[in-house]
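[1] Below is the structure, and that's it, no one-letter string:
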């Protein structure tokens, strides 16, 4: 368990803390899993800024970029300029080879940043130069240090051209070889929710989706829960798991017992993470509700998801109370892993889109 999580639980319960308990809490805090989020390139750095603004419990936020000016404008707890000699702080010119060379130039600094981390997220927008070229270098550095490594990346809009998509898919394959799990978010799917948004706003929406995905996983282990999840649970589900998806479904102001099932179905219906969920053989599920949520409801959400994925799947779940939710509201977050099909194929227009009628966007 996360040390701060246990402290919060004891404090909320009003329990007196004995010296023995204080010693145990100190031990937990000292041995708490260390989480680092690395945003590579322009999009990745934007994601780090977004996380800095909304807040993410218990994680170190690091921005890495070849563009010094963009890095100055990024909000992060740590910043790394890649390729001081190679690019002179002027960016990679949308060339992944330059981005990779810049990362290799700074590889010692990258290793220092991720050293000692238990969980490292590598997030970027695939298709450009810096993120595409450096993401796998960051992932390899973290993996060599013993970290669990999760990639969370977007694929470009079709309107950005075939060359950018080819670069993205090449970068994705390199990242998948280094990371334990890679979550792929096709930007084209954003247009299903916000088709009339200006392009700049659409990119901001992509950054928000990346940020919420990383925040959702991280806070599974850094926030108190009724049925707690911890780092060992995350490792069990996501270590060497290939392609994964995250879905979040939220239902508000509904008293009916099936509200959690509706939220679970929304989580599974997210087209942003375009994968065949029936192939998933691992699931990490967190159900969040108000003080009126029952254990039976939480179990119903787990059963609803279990029925949609592979038989005999390994499922770990937790439940959390959040009184800030809308009255009678519930939220279900599902991380599904062990998926063999490649969501990138659909993003590249190689698979036919399924009907997405009646699906709602949940941020």
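    It's in. Computed from a predicted model, the values in this text were never measured in an experiment.

[2] What count of nearby residues applies to residue 303?
    Neighbour count of residue 303, defined by other Cβ atoms under 10 Å: 13. (Each C-beta comes from the backbone N, C-alpha and C, glycine too.)

[3] go on, the one 3 residues further on?
    If you count neighbours by other Cβ under 10 Å, residue 306 ends up with 16.

[4] Without its sequence neighbours, what residue ends up closest to it?
    residue 315 (5.9 Å; Cβ to Cβ, 6 or more residues apart in numbering).

[5] Residue 281 is in contact with that neighbour, correct?
    No. With contacts counted by Cβ atoms under 8 Å, residue 315 stays clear of residue 281, the gap being 9.7 Å.

[6] which stretches of the protein form helices?
    3-13, 19-30, 41-54, 68-73, 96-105, 107-114, 130-144, 162-178, 190-193, 199-222, 231-238, 259-269, 295-306, 343-347 (DSSP state H).

[7] how about the longest one: buried residues?
    So that's helix 199-222. 202-203, 205-222 (16 or more other Cβ atoms under 10 Å).

[8] Equivalent analysis for the fifth one, please.
    Judged by neighbour count using 16+ other Cβ under 10 Å, the buried positions of helix 96-105 are 96, 98, 99, 100, 101, 102, 103, 104, 105.

[9] so that helix versus helix 41-54, what angle?
    On the basis of axes from the mean of the first three to the mean of the last three Cα atoms, to 10 degrees, helix 96-105 is oriented at 60 degrees to helix 41-54.

[10] I'd like the average pLDDT over helix 96-105.
    Mean per-residue pLDDT for helix 96-105: 98.

[11] How about the longest one?
    In this model, helix 199-222 has an average pLDDT of 80.

[12] next one: that helix to chain centre, how far?
    In terms of Cα atoms, centre = their mean, to the nearest Å, the centre of helix 199-222 is found 7 Å from the chain centre.

[13] tilt between that helix and helix 41-54?
    Here helix 199-222 runs at an angle of 60 degrees relative to helix 41-54 (the same axes, to 10 degrees).

[14] which regions of the stretch 51-200 of the chain lie under the pLDDT threshold?
    193 (pLDDT under 70).

[15] cool, the stretch 201-350 of the chain as well?
    255, 257, 271-274, 341-350.

[16] mind running it again at 80?
    202-210, 212, 222-226, 228, 253-257, 270-276, 323-327, 339-350 (pLDDT under 80).

[17] that older thread, including distance to residue 336, could the helices of the chain go into CSV?
    Putting these into CSV (distance: least, Cβ to Cβ, whole Å) gives the following:
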stretch, distance to residue 336
helix 3-13, 24
helix 19-30, 29
helix 41-54, 21
helix 68-73, 33
helix 96-105, 29
helix 107-114, 26
helix 130-144, 21
helix 162-178, 16
helix 190-193, 20
helix 199-222, 12
helix 231-238, 9
helix 259-269, 8
helix 295-306, 8
helix 343-347, 11
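
[18] looking at these, which is buried most?
    Counting by mean count of other Cβ atoms under 10 Å, helix 130-144 has the highest mean neighbour count of the helices of the chain, with a mean of 28.

[19] Report the distance from it to the chain centre.
    The chain centre lies 16 Å from the centre of helix 130-144; the measure is Cα atoms, centre = their mean.

[20] How about residue 182: what's its closest non-neighbour residue?
    Using Cβ to Cβ, 6+ apart, the closest residue to residue 182 is residue 151 (3.9 Å).

[21] check contacts around the one you found.
    Residues near residue 151 by Cβ atoms under 8 Å, 6 or more residues apart in numbering: 121, 122, 123, 135, 139, 175, 176, 179, 181, 182, 183.

[22] if we go to 7 Å?
    Going by Cβ atoms under 7 Å, 6 or more residues apart in numbering, residue 151 touches 122, 135, 139, 175, 179, 182, 183.

[23] One more: residue 199?
    Taking Cβ under 7 Å, 6+ apart as the test, residue 199 contacts no residue whatsoever.

[24] Quickly note the distance from it to residue 181.
    30 Å (Cβ to Cβ, to the nearest Å).

[25] how far away is the closest residue to residue 176 other than its chain neighbours from residue 256?
    Distances taken as Cβ to Cβ, 6+ apart put residue 182 closest to residue 176, at 5.0 Å, once the chain neighbours are dropped. Relative to residue 256, residue 182 is positioned 37 Å away (Cβ to Cβ).
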